[in-house]
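Engineer: Fold the following and give me the result.
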Amino acid sequence: VLAGVEREPEALVWSFRNLGSLAAGQLLSADFTEDPPVRDYHALVSNPPYIPDQEWKGLPPEVRLYEPAAALRCGKDPLSPYRHLARWADAALVSGGRMLCELGTAQARRAQGLRKLHPALTWERGVRDLSGRLRVGVWRKE
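Structural biologist: The predicted structure is shown next:
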């Protein structure tokens with residue numbers, strides 16, 4: 001089973017629209033700082049908040065003024081949402097399951113930290129976008 005997690009209600013509506021008729025996954029309304037509502041997933045896909053407070057004011061106005069801040073801002077520590085997700089994934093994934101998360105620039109600069117998010121998760125690989133930037137992290141649950 002593939003799960004997408006969204007804590008923002010408005011963003012969840014768009015996630016359902018984007019998923020369309022694909023029946024391969026399930027979208028959950030959940031907060032990854034709490035215990036997962038379900039278990040035994042094979043994959044967890046997330047686009048967590050990845051813009052640190054110190055970068056917020058430098059964003060273009062069309063992003064900063066019109067996108068929900070809670071969906072974008074990760075606070076002072078760029079790895080904090082990823083640590084929460086790793087704990088969540090440890091509880092929700094089957095052994096051998098994978099967690100895939102979108103990464104921002106601040107997280108990519110902390111590659112060593114990404115590799116050590118949680119003792120039960122092993123960094124498997126990073127995926128780069130067309131410009132060569134690290135954009136997705138993939139971890140495997142042991």
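
Engineer: where does this structure dip in pLDDT?
Structural biologist: Residue ranges of the chain with pLDDT under 70: 1-3, 21-25.

Engineer: Enumerate the positions of the helix ranked longest in it that are buried.
Structural biologist: Longest helix of the chain, by residue count under DSSP state H: helix 80-92. Neighbour-count burial for helix 80-92, counted by 16 or more other CB atoms under 10 Å, picks out P81, Y82, R83, H84, L85, A86, R87, W88, A89, D90, A92. C-betas here are computed from N, CA, C, even on glycine.

Engineer: Out of the residues you listed, which is nearest to R64?
Structural biologist: P81 (18.5 Å; CB to CB).

Engineer: can you pull the contacts of the closest one?
Structural biologist: By CB atoms under 8 Å, 6 or more residues apart in numbering, P81 lies in contact with F32, P48, P49, Y50, C74.

Engineer: give me every residue that touches the first one.
Structural biologist: Which is F32. V5, R7, S46, P48, P81, H84, L85, W88.

Engineer: Swap in 6 Å and give it another go.
Structural biologist: F32 makes contact with V5, H84, L85, W88, according to CB atoms under 6 Å, 6 or more residues apart in numbering.

Engineer: try the last one
Structural biologist: Contacts were defined as CB under 6 Å, 6+ apart; by that measure C74 touches P49, Y50, P52, S80, P81.

Engineer: host element of the spatially closest residue to the first one that is not a sequence neighbour?
Structural biologist: Translated: P49. Nearest non-adjacent residue to P49, counting by CB to CB, 6 or more residues apart in numbering: C74, 4.3 Å away. Under the criterion of DSSP states H and E, C74 resides in strand 73-75.

Engineer: That strand - which strands sit beside it in the sheet, and in what orientation?
Structural biologist: strand 51-52 (parallel) (DSSP bridges).

Engineer: ok, and what's touching the partner strand?
Structural biologist: Applying CB under 6 Å, 6+ apart, the contact partners of strand 51-52 are L72, R73, C74, P78, A106.

Engineer: again, only this time at 10 Å
Structural biologist: Strand 51-52 has contacts (CB atoms under 10 Å, 6 or more residues apart in numbering) with 58-59, 63-64, 67, 69, 71-80, 104-107.
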